[in-house]
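> 3D, please:
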Amino acid sequence: MAHFVIMGCGRVGVTLAHTLDDDGHTVAIIDQDERAFRRLRRGFAGRKVTGVGFDRDTLERADIGSAYAFAAVSSGDNSNILATRVARETYHVPHVVARIYDPGRAEIYQRLGIPTVAAVRWSADQVLRRILPEQGIKGDFREASGRLILGEVGVHDGWYGHSLGEIEAAAGIRVAYLTRFGEGMLPTPETRLQQGDVLHAMMPVAATGDIDRILSGAPAPTPEPA
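Residues are numbered from 1 along each chain as shown. This is a model prediction of the structure:
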């Protein structure tokens, strides 16, 4: 089980909090307006923290230092991106995501290496795909036999700078496309993974556990020449 911090106790924040709570994770949810916590069900076991989500004191009361992931899903794009940067850059939270309302800003945030989700009906599902430990691989398409799946693959920061050919060889996958700065592109085996890139790969369903294990860790060091 992991600890999650959510900023914003609106519809999406409440959905995330309840889902994570149901799964047995610990949750802290932050909102400036104490009345927003009335949206949470009576049996919610998580922590309710009143304050500004990018304020360090507020984040520390939410136990940000122990967080596996941080999701900023308030109603303000600027607040969401600022809070997400503080969580990642100051507290080194390994998984962060910001909800945005202005799609024109997505490229800017991607350049900062911050995953974003659009403010749409399925925002909560999109956020969960990026922060849940068991969602390292999320399938988007299965071919007819059910043996192969096309999905988004989570990759450890240590793979940044490596070629996709190296990643394919290490994990036994075939990269179909990647999303960079909010736009899809067809890479070559020589394309190098950059911070903020999102990989989509074809892989055997039976091997997804091994693939997630390999790519969620840093690559093995290159042996020194004899």
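> next SSE downstream of the helix or strand of the chain with the lowest mean pLDDT?
Lowest mean confidence among the helices and strands of the chain (mean pLDDT, DSSP states H and E): strand 137-142, at a mean of 57. Next in sequence after strand 137-142, counting helices and strands by DSSP states H and E, comes strand 148-153.
> for that following strand, which strands pair with it and how are they oriented?
strand 137-142 (antiparallel), strand 198-204 (antiparallel) (DSSP bridges).
> tell me the secondary structure for the spatially closest residue to Pro115 that is not a sequence neighbour?
Using CB to CB, 6 or more residues apart in numbering and skipping the chain neighbours, the partner closest in space to Pro115 is Val97 (4.8 Å). Bear in mind the C-beta positions are built from the backbone N, C-alpha and C, glycine included. At Val97 the chain is in strand, as set by DSSP: H, G, I helix; E, B strand; the rest coil.
> low-confidence regions, this protein specifically.
103, 106-107, 110-111, 118-126, 129-130, 132-146, 182, 222-226 (pLDDT under 70).
> where do the strands sit along it?
In the chain, the segments counted as strands under DSSP state E are 3-7, 26-31, 47-50, 69-72, 95-100, 116-118, 137-142, 148-153, 174-180, 183-185, 198-204.
> relative to Gly217, which of these is closest?
Closest of the strands of the chain to Gly217 is strand 148-153, at 13.1 Å (criterion: CB to CB).
> from Lys48, how far out is Val5?
12 Å (CB to CB, to the nearest Å).
> follow-up on the earlier one: dump the strands of the chain to TSV, plus distance to Leu59 and mean neighbour count.
TSV is the format used below for the strands of the chain (distance: least, CB to CB, whole Å; neighbours: other CB atoms under 10 Å):
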stretch	distance to Leu59	mean neighbour count
strand 3-7	7	28
strand 26-31	8	24
strand 47-50	8	18
strand 69-72	8	29
strand 95-100	12	24
strand 116-118	20	20
strand 137-142	27	15
strand 148-153	27	20
strand 174-180	28	17
strand 183-185	32	11
strand 198-204	26	19
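> residue contacts, the closest residue to Gly158 other than its chain neighbours?
The spatially closest residue to Gly158, leaving aside those adjacent along the chain, is Ala218, at 3.2 Å (CB to CB, 6+ apart). For Ala218, the contacting residues are His156, Asp157, Gly158, Trp159, by CB atoms under 8 Å, 6 or more residues apart in numbering.
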